[in-house]
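1. Quick one, structure for this:
(one chain, ligands or ions: 3)
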Amino acid sequence: MKVTLQTLGSGTSQGVPAIGCHCDTCRSEDPRDQRLRPSVLISANDSNILIDTSSDFRSQMLRFGITHIDAVLYTHHHFDHIGGFDDLRQYNFLQKTAMKLYGMEETLEEIRVTFRYAFGAAKQTGGGLPSAQLHPVRGEQAFDVAGISVMPVPVLHGVLPILGYRIGNLAYITDTNEVPASSMQLLEGLDILVLDALRHHAHPTHFSLNEAIDTARKIGAKKTYFTHIAHNIMHQRDSVLLPPDMEFSYDGMLVTSPLETA
Ligand SMILES: [Zn+2]
Ligand SMILES: [Zn+2]
Ligand SMILES: [Zn+2]
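-> Numbering: from 1, shown residues only. Ligands and ions are numbered 1, 2, ... in the order given. Got it, this is the predicted structure:
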């Protein structure tokens, strides 16, 4: 199966540039240093699967011309990953159906609480509200979305258990500082891995760049792309620190598995 991943946002929770910051990255004119909040679109067999509805969802859909979404897979409930939920209603309107949302039961419950106006008996009809069908999933139990098999990969984000996702030989794992041994097995034989690498120095809930490089080496994908990047990392300047099979993601980046060989 040919699987394509487009990075819609490669930035950390406050985005890059950060409001009011005058550091080198935030003033950089390199478009790869301008990072929207974290989200990717995965396309396979003519289906479009979105991972997370970021706080920059609307801008991302407009910028990348995404007019159809078959389903959304949620990694976890932090606001940078769910903030765009309300704008799914435009896809309800375009597709004339509720949007299918997949995530851990705990994640879906947090979405229900955060956007409680959109759920429950008091829901008004006649537009203005997003309409969603919630599908709880569990780690290590593959499920089908729009005819595509998806494997949820449990990881730890500090003390919070969250999910990465593997589709074919491509996996997206954001917001983590620990990939448990049982999940390492789910990541064998990858062509492409997208992995959290927040910044140079340590963080209690995200991989630093060196930790991400070590973990990527253990997972051993043919190509690894780092994401959820803070302004502490500058694309061109810091790319020299990366092994040849690893790169920083950037907004708009497209990668395809199986890898296209020149
Ligand atoms: Zn995040
Ligand atoms: Zn900055
Ligand atoms: Zn998070």
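
2. How about residues contacting the longest strand seen in the chain?
-> When the chain is parsed with DSSP state E, its longest strand is strand 148-157. For strand 148-157, contacts defined as Cβ atoms under 8 Å, 6 or more residues apart in numbering pick out 1, 44-45, 47, 49, 73, 76, 102, 104, 137-144, 161-167, 171, 173, 175-180, 182-183, 186-187, 205-206. Heads up, the C-betas are built off the backbone N, CA and C, glycines and all.

3. The residue of the stretch 151-262 of the chain found nearest ligand 1 in helix, strand or coil?
-> Closest contact between the stretch 151-262 of the chain and ligand 1, by Cβ to the ion, is at Asp175 (4.5 Å). Under DSSP: H, G, I helix; E, B strand; the rest coil, Asp175 falls in the coil class.

4. That one and Tyr74 touch, don't they?
-> No: here Asp175 does not reach Tyr74: they are 11.3 Å apart, not a contact under Cβ atoms under 8 Å.

5. Tell me, what's the model's pLDDT at Ala121?
-> On pLDDT, Ala121 comes in at 64.

6. and what of the one 5 residues further on?
-> At Gly126, the pLDDT value in this model is 61.

7. picking up where we left off before, which ones are touching the residue of the stretch 151-262 of the chain closest to ligand 1?
-> 38, 75-76, 78, 81, 157, 162, 196, 205-206, 228.

8. repeat for Asp144
-> By Cβ under 8 Å, 6+ apart, the neighbours of Asp144 are Val150.

9. how about the strands in the stretch 151-262 of the chain?
-> Ranges of strands within the stretch 151-262 of the chain are 160-167, 170-173, 192-196, 223-227, 246-248, 254-257, based on DSSP state E, counting those that start in this stretch.

10. so what sits against both of Asp175 and Tyr74?
-> Contacts common to Asp175 and Tyr74, judged by Cβ under 8 Å, 6+ apart, are His81.

11. Please name the residues that touch the nearest residue to Asn92 once chain neighbours are set aside.
-> Nearest residue to Asn92, sequence neighbours excluded (Cβ to Cβ, 6 or more residues apart in numbering): Ser131, at 4.8 Å. Residues near Ser131 by Cβ under 8 Å, 6+ apart: 89, 92, 98-99, 118.

12. closest to Leu259 among the residues you listed?
-> Met99 (31.2 Å; Cβ to Cβ).

13. I'd guessed that closest one sits against Ala132; true?
-> Yes: if you go by Cβ under 8 Å, Met99 and Ala132 touch, sitting 5.1 Å apart.

14. pLDDT value on Leu259, please?
-> So, for Leu259, pLDDT stands at 84.

15. ok, it to Asn45 distance?
-> Going from Leu259 to Asn45 by Cβ to Cβ, to the nearest Å gives 19 Å.
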